[in-house]
Each structure stands twice: as C-alpha cells, then as structure tokens.
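Colleague: Show me the folded form of this:
(one chain, ligands or ions: 1)
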Amino acid sequence: MNNICPSCKKPFIRNHTPESYLDENCFDCSFWLKKITMPEEDEKRRVIVAGQHYMMGANTSGPRGFGGKRFVINFNDGRTVETCNLWFQGEISRQFRARLPDNARFIPIKMEKMKMCDFFDVEDWMIIGPLSEDLSEEEKNQKQIEDDFNQEDDDTVV
Ligand SMILES: [Zn+2]
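Modeller: All right, here's what the predicted structure looks like:
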C-alpha cells in the first residue's frame with residue numbers, strides 16, 4: 001500500500017492527483033523536484049530568499065499573491081524587479097536547498113509604497129533599474145515636505 005520515496009526514503013501514500021507526482025517521488029519531493037526542473041522562461045520569475053521559494057505572477061486584476069502587496073526584489077543576476085503579485089510556495093526542504101539556492105533579496109520599501117497596487121500599466125511585471133538614485137531623490141523630496149510642514153507648524157505656533 002505504502003510507497004517509498006526514492007528521494008527522501010520515507011513511506012507515503014499517493015493521495016493527491018496523479019500529476020502532483022514526479023515519477024515515484026512523494027508529494028513534497030515531487031513538488032521541489034519540479035521546481036528544480038522548471039522551464040527556463042519561468043526561471044526569471046523565481047525568487048528564493050533565505051530558503052523560501054516564491055514565484056512572481058503576471059500583473060493581473062485577478063487574485064494576487066500576498067493580497068497584492070508590493071515587493072521590490074534585487075536578484076543576484078543584477079535585475080531589480082517590482083511586483084505586486086508574489087506567490088509563496090513554502091520553505092524548500094533541506095535536501096533540495098543546494099539545488100535551489102537563494103537567488104535574490106528583498107529591498108525594504110517605504111511604508112506608503114507598500115500599499116496594494118491599484119493599477120496595471122505594464123505588460124507583465126515591472127522591470128526597474130537600480131533603486132538607489134530614485135530613493136535618494138524621493139527621500140530628498142520627503143525631507144523637503146517635512147521641513148515645509150515643520151516650518152508651517154512653527155509659524156502657527158508663533
Ligand atoms: Zn520524498
């Protein structure tokens with residue numbers, strides 16, 4: 001009745017749909033093995049940070065990962081990508097970590113930018129350049145606004 005998974009050597013019962021399984025592997029191992037052998041065009045949508053596996057979906061008005069929360073991702077290959085449709089697949093099993101190494105990091109973004117995306121004016125996901133210049137310019141603007149605001153406050157007090 002029980003099958004033995006050739007990857008993790010654990011017994012398991014095939015109680016998921018047949019296409020969930022890769023060869024004789026258990027559900028979990030099949031899941032990660034399929035991720036390892038992902039089609040090349042999907043590779044650029046793959047995000048692995050700290051052993052956690054994510055996929056960027058297309059811009060869509062349909063259901064979005066993390067409820068449409070915005071993420072800025074800096075890939076080890078130099079790409080910086082902004083997405084509002086990131087899906088989480090889970091923590092990669094230890095035995096597959098070496099074949100699914102981290103490929104990116106999340107760039108912290110300002111609170112007001114974290115709000116859900118409410119429009120989609122780009123083809124798929126937004127490819128943007130290095131963020132440092134944009135942010136520093138924005139930071140300066142924010143500083144100016146805060147200074148003005150504080151200035152007004154002072155005037156009101158006087
Ligand atoms: Zn297994």
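
Colleague: what sits against residue 28?
Modeller: The contact partners of residue 28, by CB atoms under 8 Å, 6 or more residues apart in numbering, come to 8, 93. Heads up, the C-betas are built off the backbone N, CA and C, glycines and all.

Colleague: Downstream of the helix or strand containing it, the next helix or strand is which one?
Modeller: Assigned by DSSP states H and E, residue 28 belongs to helix 27-36. Using DSSP H and E, the helix or strand that follows helix 27-36 towards the C-terminus is helix 40-43.

Colleague: what comes into contact with the next helix or strand along the chain from that following helix?
Modeller: Proceeding C-terminally, helix 40-43 gives way to strand 46-49 as the next helix or strand, assigned by DSSP H and E. By CB under 8 Å, 6+ apart, the list of residues contacting strand 46-49 from outside reads 35, 38, 53-56, 73, 75, 86, 92, 100-106.

Colleague: cutoff 6 Å now
Modeller: For strand 46-49, the surrounding residues in contact (CB atoms under 6 Å, 6 or more residues apart in numbering) are 54, 73, 100, 102-106.
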